[in-house]
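Student: 3D, please:
(chains A and B, ligands or ions: 3)
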Amino acid sequence: MNKKLGVYICHCGGNISDYVDVEKVKQAVENEEGVFIAKTTIFACGDANQKEMVDDIKNNNLDGVVVASCSPKLHLLTFRAVTERGNMNKYNYVHVNIREQASWAHSDNKEGATEKAILLVKSAIAKVRLSEPLYPIKISSKKAVAVIGAGVAGMRAAIELSNMGCPVTLIERDHFVGGRVAQWDVLFTTNQTGKELVTNLYNDLINRKNITLLTGAEVISNAGSIGDFKVRIKKTPRYIKEKCNDGHLLKAIQACPIEVPDDFNFNITNRKAIYHNFPSEYPHYPVIDIKNCTRCGECEKICESVDFTQKEEIIEIEVGSILMATGFDSYTPAEGEFGYQKFDTVITLPQFKRIIDLNDKKLTFKGKEVKSIVYIYCVGSRQIDGDNKYCSRYCCTSVIHAAIQTKKKFANIQNYHFTRGIRTYGKQEILYSDSLKSGDIYLQSYEEDPPVVLRENGNTLVKINDILTGGKEISVKADLVVLVTGMIPRKDNKVGALLKLPKGRDNFFNEIHMKLRPVETVIDGITISGACQGPKNIMESVNSALSAATKSFSYVSKGMLALEPIIARIDKNLCTWCGACAEACPFDAISVEKDENKDIAAINNSVCKGCGMCLPVCPVNAINLIAYSDNEIESMIDALAGV
Amino acid sequence: MPGGKANNNPKILVFSTEKISDPAIDMAGLLKLHYPPTVYTISIPCSSGVKPIWIMYAYEKGFDGVFIAADGSDCPYGDSCTEKTGKIIGHTHALMKEMDIEPARLRMAAICSVCSESFVKQMKSFNEYLLKNSNV
Ligand SMILES: Cc1cc2nc3c(=O)[nH]c(=O)nc-3n(C[C@H](O)[C@H](O)[C@H](O)COP(=O)(O)OP(=O)(O)OC[C@H]3O[C@@H](n4cnc5c(N)ncnc54)[C@H](O)[C@@H]3O)c2cc1C
Ligand code: SF4
Ligand code: SF4
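Tutor: Numbering: from 1, shown residues only, chains lettered A, B, ... in the order given. Ligands and ions are numbered 1, 2, ... in the order given. Coordinates of the predicted model:
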């Protein structure tokens, strides 16, 4: 059947038409076979054009449409929806990208860009001529979500999913929940403490019947896909009975001979191999760190709650969607970077936050009173030559807030901020002005000329060529130098590789579209939230957690999912059932079936993901992928070849 | 010579994947990293689904080079992709030999979703190779 086609070529304001002669493109394609309407439009995605397209489709009974505009990542769905509003089957819509792949890629060559655009549009017309109407495949979806990571983002997402009536398994690798926020005492910008925030979230989620919290738990494998992920989890025991006797336990902790650096305090203090949680961490009972425990048995002698018979468990769950909330690590400065690990007066901001919390009345570090504090900003962020090109967002505000808190909590503190320009965006600016009013001193330098930390006569000095005073060299004697370290992706990110989640240039997990699809990933059914996606403060983390929860819920809420009908199709006449395709299919979507007198391959429509891996292995070319059939691909090649 | 050539550059057909290499090629455009405009992309779900007969068809219709932007280890459909795409190349090379087509006119490289610079580099170097060896 010959189709009646509409072709729309977008100016994209000038993004396309500044480099591609869109009128010429229109003229070159308007007489192609089947083209009934060919138009240029200033903004194809604009309301007016969308309405005009709907009218064109209805008034002329169009049964195929091509829009040549920006990347299909942005507007494929927009125009599919337009064709549906015109009562056309949306799979008879073909999208051509003449912006990213023509006008912008070849903005150095307008003629070349225009010629390329013409051929791209012709190939889309060739494809749409052969396209067939398709209908979504309905599959069932497990009404349950796995949330990985129980920091603020993961906990808030779990609560929201629970509110919507969705069963949640909340998987936390650590033995305690709360993530980083449990480690910070007073928080910007509300002055609430991390403990309060985590306590609220924990109390809210722990008694909910539809949230299962697993701590000491890590995902070890994943099979299946959207609607039906089969997740295996390894759960390490605490080696402590649930109802334990606090008094004996404290003695047992004292008796433990093993001491290791305490990561909760960023290694400025030590803890035992059997250790208690901090007040801001939940659940409220201790753990034996089995990696460092030597099984000497000292604790067992004192405390009857110690239980070395507890075994590792493997738990298998089935969920329709996975929500990632694994958070971030803090940048560790290189040895010698601003004197780090070289001078014992140099620490990082996360360590400083812990020191403020651990000290009372007088601020001391390593037995010495601290009065003069220098903060060096942007350490490990905004690196021109290094890997971390990005700004870590939280740090300017966090350090200014910490400096204010330090003055409030301890007497005689003088703060010196060695910045690269302050970025206290939004309401956080108020903190900056409070800090200025309280007499904090701000100095600034450029990336090429950073401050220098040195030791002279037993004193730590920090020198800067301060651009705010015309490049004057200023030297400050510091009792403590705080390196304001940025956020980096989790160093142990095996779970990302296991779920095949793509990373962005900053190495954090990547969304499909920063603005329009900010919590979805290319792996259908997996959403991302919080600081595992990039530097975020708590409000930003929770914003994205709520949006990821809603998105994940949309995959499972109806118990059904409508999947793309782009799947493999077997030509019964040609197939001789050699089994090669079944072997190639990574999803076991192909099995053998009787057809009249012979065996043939059969595709399981709800399991087939439309990857096409079975296509090239068939010795008799009996398989085609719907929408990518030989006819369609070859007609596109014809058009691109200009024959 | 095939028709429709801009600037007399060789014509290169790229099989690119919707989820992995398409974003890299799009980002190359966004960053205005230029490559010859005679590079054309056909998007498919996965690089291990390219049929050798499509590649052969492209040569028959006058394409000078075919490039497969492979998903490699980033393939959302699983880790067998690299090996399977490799087999397609092997099989196609055999077909090319039969037709007396220089095997170097088929190239493959893993292009991740942010590998824009690497894509552009690949296109420039393939283009240069095809220009130098325009008799192949
Ligand atoms: C020094 C400092 C001070 C800050 N102060 C403030 C402040 O005052 N106000 C503010 O708004 N923001 C502040 N922030 C930012 C705040 O810490 C983050 O916004 C917040 O922690 C992000 O929450 P999250 O849940 O995304 O990640 P995280 O807090 O990192 O939590 C992630 C959780 O996932 C778990 N996890 C990781 N990998 C796995 C895995 N494979 N499997 C299972 N679980 C896993 C982790 O154990 C952790 O519990 C500060 C940040 C820093 C560095
Ligand atoms: S590879 Fe081809 S012939 Fe063999 S079973 Fe599959 S469809 Fe049939
Ligand atoms: S297209 Fe992919 S998922 Fe579908 S049957 Fe073929 S190999 Fe399996």
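
Student: Pretty sure B:I101 sits in a helix.
Tutor: No: counting by DSSP: H, G, I helix; E, B strand; the rest coil, B:I101 is not found in a helix; it is coil.

Student: Doesn't A:V25 lie inside a helix?
Tutor: Yes: looking at A:V25 with three-state DSSP, it is inside a helix.

Student: now residue 14, what's its secondary structure?
Tutor: You didn't pick a chain, so chain A it is. With three-state DSSP as the criterion, A:G14 reads coil.

Student: wrong one, chain B
Tutor: strand.

Student: Please apply the same query to A:K3.
Tutor: coil.

Student: can you give me the strands for chain B?
Tutor: Using DSSP state E, the strands of chain B run over residues B:12-17, B:39-44, B:65-70, B:106-110.

Student: tell me the angle of the shortest one relative to strand B:65-70?
Tutor: With axes from the mean of the first three to the mean of the last three CA atoms, to 10 degrees applied, the angle from strand B:106-110 to strand B:65-70 works out at 20 degrees.

Student: mind checking how far strand B:106-110 is from the chain centre?
Tutor: 6 Å (CA atoms, centre = their mean, to the nearest Å).

Student: on that earlier part again, ligand 1 is nearest to which of the strands of chain B?
Tutor: Smallest distance to ligand 1 across the strands of chain B (CB to the nearest ligand atom): 25.6 Å, for strand B:106-110. C-beta here means a position set from N, CA and C on the backbone, and glycine is covered the same way.

Student: Tell me how far the residue of the stretch 151-300 of chain A found nearest ligand 3 lies from A:E316.
Tutor: Ligand 3 sits closest to A:S225 of the stretch 151-300 of chain A, with a gap of 9.9 Å, by CB to the nearest ligand atom. For A:S225, the distance to A:E316 equals 16 Å [CB to CB, to the nearest Å].

Student: thinking again about what came up before, how about the strands of chain B in CSV, adding mean pLDDT and mean neighbour count?
Tutor: Output for those, formatted as CSV (pLDDT from 0 to 100; neighbours: other CB atoms under 10 Å in any protein chain shown):
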stretch, mean pLDDT, mean neighbour count
strand B:12-17, 97, 26
strand B:39-44, 98, 22
strand B:65-70, 96, 26
strand B:106-110, 96, 20
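
Student: mind putting those in TSV, distance to A:N97 included?
Tutor: As requested, the strands of chain B are exported to TSV (distance: least, CB to CB, whole Å):
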stretch	distance to A:N97
strand B:12-17	11
strand B:39-44	8
strand B:65-70	15
strand B:106-110	21
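
Student: So for ligand 3, which of those strands sits nearest?
Tutor: strand B:39-44 (11.0 Å).

Student: Show me what that closest one packs onto, helices and strands only.
Tutor: Here strand B:39-44 touches helix A:110-130, helix A:630-641, strand B:12-17, helix B:21-30, going by 3 or more CB pairs under 8 Å, 6 or more residues apart in numbering or on different chains; DSSP states H and E.

Student: rewinding a little: can you pull the contacts of the residue of the stretch 151-300 of chain A closest to ligand 3?
Tutor: The contact partners of A:S225, by CB atoms under 8 Å, 6 or more residues apart in numbering or on different chains, come to A:524-525, A:587, A:609.

Student: at 7 Å instead, please
Tutor: A:524-525, A:609 (CB atoms under 7 Å, 6 or more residues apart in numbering or on different chains).

Student: Beta-bridge partners for it, please?
Tutor: Taking DSSP bridges as the rule, A:S225 bridges to A:D228.

Student: Could I get the pLDDT score of it?
Tutor: Per-residue pLDDT puts A:S225 at 81.

Student: That one and A:I526, how far apart?
Tutor: 10 Å.

Student: what do you get for A:H95?
Tutor: 24 Å.

Student: Which of the two has more residues huddled nearby?
Tutor: Taking other CB atoms under 10 Å in any protein chain shown, A:H95 and A:I526 do not tie; A:I526 has more neighbours (27 against 22).

Student: which residues does the more buried one bridge with?
Tutor: A:I322.

Student: any idea how far A:V231 is from it?
Tutor: With CB to CB as the criterion, A:I526 and A:V231 are 11 Å apart.

Student: right, and the helices and strands packed on strand B:39-44 - which one's nearest ligand 2?
Tutor: Ranked by CB to the nearest ligand atom, the member of the helices and strands packed on strand B:39-44 that lies closest to ligand 2 is helix A:630-641, at 13.7 Å.

Student: can you give me the angle that closest one makes with helix A:110-130?
Tutor: 160 degrees.

Student: so where's the chain shaky on pLDDT?
Tutor: Let's take chain A. A:1 (pLDDT under 70).

Student: try again with chain B
Tutor: For chain B, applying pLDDT under 70 flags the ranges B:1-7, B:135-136.

Student: related to what we said a few turns ago, highest average neighbour count across the helices and strands packed on strand B:39-44?
Tutor: strand B:12-17 (a mean of 26; mean count of other CB atoms under 10 Å in any protein chain shown).

Student: Which strands border that strand, and is each parallel or antiparallel?
Tutor: Strand B:12-17 is paired, per DSSP bridges, with strand B:39-44 (parallel), strand B:65-70 (parallel).

Student: before we move on, the earlier item: out of the contacts of A:S225, which is most surrounded?
Tutor: Neighbour max across the contacts of A:S225 (other CB under 10 Å) = A:G525, 25 neighbours.

Student: which residue sits closest to it, ignoring its sequence neighbours?
Tutor: A:I226 (3.0 Å; CB to CB, 6 or more residues apart in numbering or on different chains).

Student: now do A:V35
Tutor: Nearest in space to A:V35, with sequence neighbours left out and distances taken as CB to CB, 6+ apart, is A:L5 at 5.0 Å.

Student: quick one: A:V231 is in a helix?
Tutor: No: counting by three-state DSSP, A:V231 is located in no helix; its state is strand.

Student: Report how many residues lie close to it.
Tutor: By other CB under 10 Å, the burial measure for A:V231, its neighbour count, is 22.

Student: Pull the contacting residues for A:A549.
Tutor: A:A549 touches A:157, A:160-161, A:323, counting by CB under 7 Å, 6+ apart.

Student: residues near A:P261, how many?
Tutor: Here the number of neighbours of A:P261 (other CB under 10 Å) works out to 12.

Student: what's the nearest residue to it once chain neighbours are set aside sitting at in phi/psi?
Tutor: The shortest distance from A:P261 to any non-neighbouring residue, by CB to CB, 6+ apart, is to A:N267 (3.9 Å). The phi/psi pair for A:N267 (degrees, to the nearest 10) reads phi 70, psi 10.

Student: re the thing from before, how about the contacts of A:A549, which pair is most distant?
Tutor: A:E160 and A:L323 (9.9 Å; CB to CB).

Student: okay, the two: which has more neighbours?
Tutor: More crowded of A:E160 and A:L323, by other CB under 10 Å: A:L323, with 31 against 22.

Student: which residues touch that one?
Tutor: A:145, A:147, A:157, A:527, A:529, A:548-549, A:552 are the contacts of A:L323 under CB under 7 Å, 6+ apart.

Student: can you put those in TSV and add distance to A:P489 and secondary structure?
Tutor: Output for the contacts of A:L323, formatted as TSV (distance: CB to CB, whole Å; DSSP: H, G, I helix; E, B strand; the rest coil):
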residue	distance to A:P489	secondary structure
A:V145	23	strand
A:V147	19	strand
A:A157	19	helix
A:T527	17	strand
A:S529	14	coil
A:A548	17	helix
A:A549	22	helix
A:S552	21	helix
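
Student: what's the most distant pair in the residues you listed?
Tutor: The widest separation within the contacts of A:L323 (CB to CB) is 11.8 Å, between A:V145 and A:S529.
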